[in-house]
Each structure stands twice: as C-alpha cells, then as structure tokens.
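In: fold the following and give me the result.
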Amino acid sequence: MNSTNITLAEFDEDFFYSTPGHEELLAPDRKIIYHTVVRGEKKIGVVGFVPLKNNDKAGFVQVLTAPEFRGMGMAEKAETALAEKYKLKTLFATIRNDNTLSIQSHLNMGFEFLPEDEQEELRSKGFLQENEVRLFKHFD
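Out: I've put the predicted structure just below:
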C-alpha cells in the first residue's frame with residue numbers, strides 16, 4: 001500500500017456522515033466492510049465493499065472521496081488497496097445512469113460494463129434498477 005500513498009484505517013462513522021455524497025452509499029451495517037481512507041494525517045474518503053454471498057473473492061465496492069480530493073485518483077488507489085487487503089479478485093460497482101462522472105471515473109480505473117444481456121437479466125430479477133448500470137473490474 002505504500003505505492004498508493006494512502007492507508008485504510010478503522011472506519012470513522014462520523015467522518016462518513018459528514019462527507020458530502022454519503023447519501024449515495026449504503027448505510028454502515030454488519031454486512032458492509034468499510035474503511036476510512038487516510039493520506040498522511042488527513043481523512044480523504046471512505047471505501048468498502050459488500051461481500052458476495054457465495055464468493056469471498058468478490059464484492060460490490062462503495063467509495064466516497066471528500067470533495068477537496070476528488071479528481072486526484074484517490075478512488076482508484078482506495079479500491080486497489082481494498083482489493084489487496086481482502087485479496088479480492090473482482091469488484092462490482094452499481095452506479096446510477098445520471099452519475100456520469102462516477103461512471104467515467106470507474107471506466108478510467110479499468111472497470112468495464114457488464115454485458116448488456118447480463119444487466120437486463122439482473123434488471124428482470126430486480127437486482128438492478130432501470131436507472132443503474134453495473135460495472136466490474138478484475139484484479140490479479
């Protein structure tokens with residue numbers, strides 16, 4: 001993690017709720033593993049994941065970057081550090097269609113769209129809303 005210039009610290013719930021945009025993430029509970037992302041002494045965001053039920057090497061990522069650190073590549077560093085820490089092979093991201101900045105950011109980080117037929121199947125089963133897209137990234 002030294003190469004990323006960030007560390008994953010114990011989750012700070014107060015920081016989470018005080019950071020603009022937290023409403024877009026799932027509220028903390030026992031099923032979500034969250035960490036506060038720290039660079040130096042400064043809290044810069046929150047990253048976490050919801051583990052898949054039948055696959056301990058994959059999960060749904062959640063990332064929140066403090067406004068003053070957005071656009072600096074911190075989300076990618078945080079997601080990579082999370083994948084390394086938990087030895088995750090695949091991260092999935094579910095993003096609203098109108099959140100074009102997040103979609104583009106994830107594409108720039110190496111995420112890809114799940115094939116449209118798979119997204120449609122997820123929508124038909126109620127696992128993906130019409131106004132959402134699903135992306136994924138494999139880690140070595």
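
In: doesn't K87 make contact with A58?
Out: No - the criterion here is CB atoms under 8 Å, and A58 misses it with K87 at 10.7 Å. Every C-beta, even on glycine, is put in place using the N, C-alpha and C of the backbone.

In: and those two? which has more neighbours close in?
Out: A58 (18 against 9; other CB atoms under 10 Å).

In: contacts only, for the more buried one.
Out: Neighbour list for A58: 51-52, 88-92 [criterion: CB atoms under 8 Å, 6 or more residues apart in numbering].

In: mind doing that once more with 6 Å?
Out: Residues in contact with A58 (CB atoms under 6 Å, 6 or more residues apart in numbering) are 52, 90.

In: pretty sure it is in a strand, no?
Out: Yes - assessed with DSSP: H, G, I helix; E, B strand; the rest coil, A58 lies in a strand.

In: give me the beta-bridge partners of it?
Out: T90 (DSSP bridges).

In: would you map the helices across the protein?
Out: For the chain, applying DSSP state H gives helices covering 13-18, 74-86, 100-108, 116-124.

In: neighbours of the residue nearest to G110 when sequence neighbours are not counted, how many?
Out: Closest residue to G110 apart from its sequence neighbours, by CB to CB, 6 or more residues apart in numbering: K137 at 5.3 Å. Using other CB under 10 Å, the number of residues around K137 comes to 21.

In: so who does K137 touch?
Out: Applying CB under 6 Å, 6+ apart, the residues contacting K137 are 91, 110-111.

In: give me that answer again for 10 Å
Out: 61, 76, 79-80, 83, 88-93, 106-107, 109-112 (CB atoms under 10 Å, 6 or more residues apart in numbering).
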